[in-house]
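Q: I'll drop the sequence and a predicted model, then ask my questions.
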Amino acid sequence: MEFKIEHTWNSLPLSHDPIVIKLTPENSGILMEVSAPFFNDPPAPPGEAGKPFNGLWDYEVVEAFFLNGQTQQYLEVELCPHGQHLVLLLSGRRKVCKQELPLTFEVSRTSTNWIGKAHLPWSYFPPATDKFNAFAIHGSGVDRTYEALFPIPQLEIQKEQKPDFHRLEYFKRFNLKLLMGDAWKQPDSDLWALCKHNN
């Protein structure tokens, strides 16, 4: 399964090569591969590569969101070209119930491009995942650029509206069985059972 981010959050075309996100089945989950231009702007976050970094959304980052459209439970995965990552489980829009979950994440980088590989275990996916969106952010100050796989249509943009990646109504249908096969059944997740319990 392959997705290309080709627009800004408000549906304008991009002036650089698209960021490509590829999802491949693994025994214990999904391999998410990111292939993206490397802007090196802003500079690297002050956290150790390979470790979770809270506030990663303020840096150069590619993000994938996996949503259950009924319950509004979703997995947010943020990957940085400098090796940091952030995994959040949210139960309701912007309502974080778990954060800084561990992730096996490897990055290779040149001066112009980077490739990231993150291994997402099934326990991180909300039950009955059925919607998806992906985003990318880079640049500093007035040049900060927010990009979306499924952007907000231009006709629906309000005056003074700011980018918001948690507009779940714009996520698109996503069927894991297309990736895993018709006979596949999503494994239960103890993590999400805990999230449910906390709400």
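A: Right, received. Where do you want to start? Keep in mind the model is a prediction, meaning the values are calculated, not measured. Residues are numbered from 1 along each chain as shown.

Q: can we go C-alpha only for contacts and neighbour counts from here?
A: OK.

Q: so who does the residue nearest the centre of the chain touch?
A: Using CA atoms, centre = their mean, the residue of the chain that lies closest to the mean C-alpha position is Ala64, 1.5 Å off. For Ala64, the contact set (CA atoms under 8 Å, 6 or more residues apart in numbering) comprises 76-78, 132-135.

Q: can you name the two of those residues that sit furthest apart?
A: Spatial extent of the contacts of Ala64 (CA to CA) is set by the pair Glu78 and Phe132 at 14.0 Å.

Q: what is the nearest of the contacts of Ala64 to Glu60?
A: Using CA to CA, these come closest to Glu60 at Glu78, 9.8 Å.

Q: quick check, the closest one in a helix?
A: No: the assignment for Glu78, made by DSSP: H, G, I helix; E, B strand; the rest coil, is strand rather than a helix.

Q: dump the residue contacts of it.
A: So Glu78 contacts 56-57, 61-64, 85-87 (CA under 8 Å, 6+ apart).

Q: neighbour-wise, which of those leads?
A: Sorting the contacts of Glu78 by how many neighbours each has (other CA atoms under 10 Å) puts His85 first, at 31 neighbours.

Q: so how far is Gln158 from that residue?
A: In this view, His85 and Gln158 are 32 Å apart by CA to CA, to the nearest Å.

Q: with Leu168 instead?
A: 17 Å.

Q: check Val107 too.
A: According to CA to CA, Val107 stands 37 Å off from Gln158.

Q: more neighbours: those two, which one.
A: Between Val107 and Gln158, Val107 has the larger neighbour count (other CA under 10 Å), namely 19 against 8.

Q: which strand or helix spans that one?
A: Using DSSP states H and E, Val107 sits within strand 104-109.

Q: can I get stretch 24-32 in CSV? Just the C-alpha atoms.
A: Extracted in CSV, the C-alpha atoms of stretch 24-32 (Å, rounded to 0.1, in the frame of the first residue of the first chain):
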residue,chain,number,x,y,z
THR,A,24,3.9,-3.5,4.2
PRO,A,25,2.6,-6.4,6.3
GLU,A,26,4.8,-7.9,9.0
ASN,A,27,4.1,-10.9,11.4
SER,A,28,3.5,-8.7,14.4
GLY,A,29,2.2,-5.5,12.7
ILE,A,30,3.0,-3.2,9.8
LEU,A,31,6.2,-1.8,8.5
MET,A,32,5.8,1.9,7.7
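
Q: appreciated, that's everything.
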